[in-house]
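From the sequence below, what's the structure:
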Amino acid sequence: MIMKTTDANLWGIDLGGTKIECAVLNARNPAEVLIRERIDTEASLGYTHILNQVKQLVDRVSSLLGESPQRVGFATPGVLNPRTQTMKNCNTVSMNGKPMADDLAQILGCEVKLANDANCFALAETLLGAVQDINPHAEMVFGIIMGTGVGGGLVAHGKVVQGLHGIGGEWGHNILEEDGLPCYCGKSGCVEHVLSGPALEHYYHSQSGQHKRMPEIMRLYEEKSDKVAIATIERMLENFGRAVSTLINVIDPDVIVIGGGLGNIDLLYSEGYNRIRKYIFNSGEVFTPIVKPKLGDSAGVFGAAMLFA
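Got it, this is the predicted structure:
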């Protein structure tokens with residue numbers, strides 16, 4: 001097949017620890033997905049292998065689509081340090097310290113742009129997802145990730161805010177409990193170690209001596225049959241109110257979108273919302289729409305593609 005080079009379409013890659021996904025969106029109508037393909041990351045085989053997997057995936061998509069990209073956006077598990085141009089904070093640890101943007105540009109022969117996967121989530125939900133249904137003219141959007149970990153992404157005027165240090169939106173490592181659990185980042189009591197699924201399950205175990213997963217803890221809470229489950233969820237709601245109120249106090253976003261597994265807990269949007277009123281610097285008044293995402297697992301790769309929109 002003869003290749004044509006074009007910048008008409010939007011190429012995005014979600015660089016996950018298990019799978020690498022590529023999507024190409026129609027630049028004139030980004031809601032139209034022209035193609036989606038995946039390949040195993042095989043991260044255990046090292047950094048160079050990951051780069052080769054990306055190259056293999058892009059070559060496959062190019063062949064199927066009949067065009068090669070001029071620009072590719074990447075959703076990454078960590079961030080690119082703006083000062084050193086190397087990766088940091090990646091849970092795919094082989095990426096840390098590597099000049100990934102330069103390496104990807106060289107291996108693909110095109111311009112690349114990298115952003116944290118939480119930022120890509122926020123960007124996709126802003127431009128293509130839930131925010132379009134709530135407030136399509138929103139100037140400031142914050143995307144919260146609450147699941148195995150806790151993270152966030154900030155979008156202003158349709159663009160990701162990466163920040164001077166490349167850590168824009170990283171509310172998961174604000175300290176919420178001074179005497180809380182130690183975090184891999186070197187601090188203790190981070191939001192992630194209070195509000196993530198594993199942190200909530202750890203709290204339940206510490207109080208009851210029993211290991212239970214979050215769905216079971218939620219069921220016991222709703223049945224009002226387990227005092228520790230009630231205490232666990234009440235603690236979650238209270239700390240959610242405290243943590244989110246600081247976001248609103250600082251950036252006052254037009255919309256907040258909550259992704260991740262815990263984002264499916266309906267209580268966050270009712271009682272959790274009420275707890276924000278206790279802590280916000282606005283005489284107890286909160287009008288910020290806090291909504292569930294619309295794009296599901298597609299948000300990362302769609303947001304990556306929209307980095308060049």
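
Next up, the contacts around residue 101.
80, 85, 112, 113, 114 (Cβ atoms under 8 Å, 6 or more residues apart in numbering). Heads up, the C-betas are built off the backbone N, CA and C, glycines and all.

Is it correct that the first one is in contact with residue 89?
What it means is residue 80. No - between residue 80 and residue 89 there is no contact under Cβ atoms under 8 Å: 10.0 Å.

So the two - more neighbours on which side?
Taking neighbours as other Cβ atoms under 10 Å, residue 80 and residue 89 compare with residue 80 leading, 23 against 19.

Now do the same contact list for the more buried one.
So residue 80 contacts 86, 87, 88, 100, 101, 114, 166 (Cβ under 8 Å, 6+ apart).

If I look at it, what pLDDT would I see?
We have a pLDDT of 94 for residue 80.

Skipping adjacent residues, who's closest to it in space?
residue 114 (4.8 Å; Cβ to Cβ, 6 or more residues apart in numbering).

in terms of contact, does the one you found touch residue 102 like I think?
No - with contacts counted by Cβ under 8 Å, residue 114 stays clear of residue 102, the gap being 10.5 Å.

so residue 71 bridges to which residues?
residue 111 (DSSP bridges).

My guess is it contacts residue 105. True?
No - between residue 71 and residue 105 there is no contact under Cβ under 8 Å: 9.8 Å.

who touches both of the two?
111, 112.

Go through stretch 55-67 and flag the buried ones.
57, 58, 61, 62, 65, 67 (16 or more other Cβ atoms under 10 Å).

Not counting sequence-adjacent ones, nearest residue to the first one?
Once flanking residues are discounted, residue 57 sits nearest to residue 39: 4.5 Å by Cβ to Cβ, 6+ apart.

again with the fourth one
Leaving aside its sequence neighbours, residue 62 sits nearest to residue 68 (Cβ to Cβ, 6+ apart; 4.8 Å).

swap in the fifth one?
Distances taken as Cβ to Cβ, 6+ apart put residue 35 closest to residue 65, at 5.4 Å, once the chain neighbours are dropped.

in the helix or strand encompassing that neighbour, what's buried?
Secondary structure from DSSP states H and E places residue 35 in strand 29-40. Using 16+ other Cβ under 10 Å as the test for burial, strand 29-40 gives 30, 34, 37, 39.

That one pairs with which strands?
strand 19-26 (antiparallel).

Need the contact partners of the strand it pairs with.
Defining contact as Cβ under 8 Å, 6+ apart, one finds that strand 19-26 is touched by 9-14, 31-41, 50, 53-54, 57-58, 61, 65, 69, 298, 300-302, 304-306.

need the contact list for the residue sitting nearest the centre point of the chain.
Central residue of the chain (Cα atoms, centre = their mean): residue 118, 2.1 Å from the mean position. Residues in contact with residue 118 (Cβ under 8 Å, 6+ apart) are 143, 145, 151, 152, 153, 169.

Ends of stretch 135-153, what's the gap?
The stretch stretch 135-153 measures 18 Å between its terminal residues, going by Cα to Cα, to the nearest Å.

Tell me the buried residues in it?
Here stretch 135-153 shows 138, 140-147, 149-153 as buried, counting by 16+ other Cβ under 10 Å.

Of those residues, which belong to strands?
140, 141, 142, 143, 144, 145, 146, 150, 151, 152, 153 (DSSP state E).

can you list the weak-confidence ranges in this structure?
1-7 (pLDDT under 70).

Apply 50 and report the result again.
In the predicted model, the chain carries pLDDT under 50 at residues 1-6.

what ranges do the helices span in it?
All helices of the chain, identified by DSSP state H, fall at 47-65, 100-108, 117-127, 130-134, 192-195, 197-208, 214-223, 227-251, 271-279, 299-306.

what would these look like in CSV with distance to residue 263?
Shown next, in CSV, are the helices of the chain (distance: least, Cβ to Cβ, whole Å):
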stretch, distance to residue 263
helix 47-65, 28
helix 100-108, 28
helix 117-127, 11
helix 130-134, 11
helix 192-195, 11
helix 197-208, 11
helix 214-223, 12
helix 227-251, 11
helix 271-279, 11
helix 299-306, 11
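
So for residue 264, which of the ones you listed sits nearest?
helix 214-223 (9.7 Å; Cβ to Cβ).

Identify each buried residue in the closest one, please.
214, 217, 218, 220, 221.

what is the orientation angle of it with helix 227-251?
Taking axes from the mean of the first three to the mean of the last three Cα atoms, to 10 degrees, one finds helix 214-223 and helix 227-251 inclined to each other by 100 degrees.

residue contacts, the closest residue to residue 207 other than its chain neighbours?
Nearest in space to residue 207, with sequence neighbours left out and distances taken as Cβ to Cβ, 6+ apart, is residue 228 at 4.7 Å. Residue 228 makes contact with 204, 207, 208, according to Cβ under 8 Å, 6+ apart.
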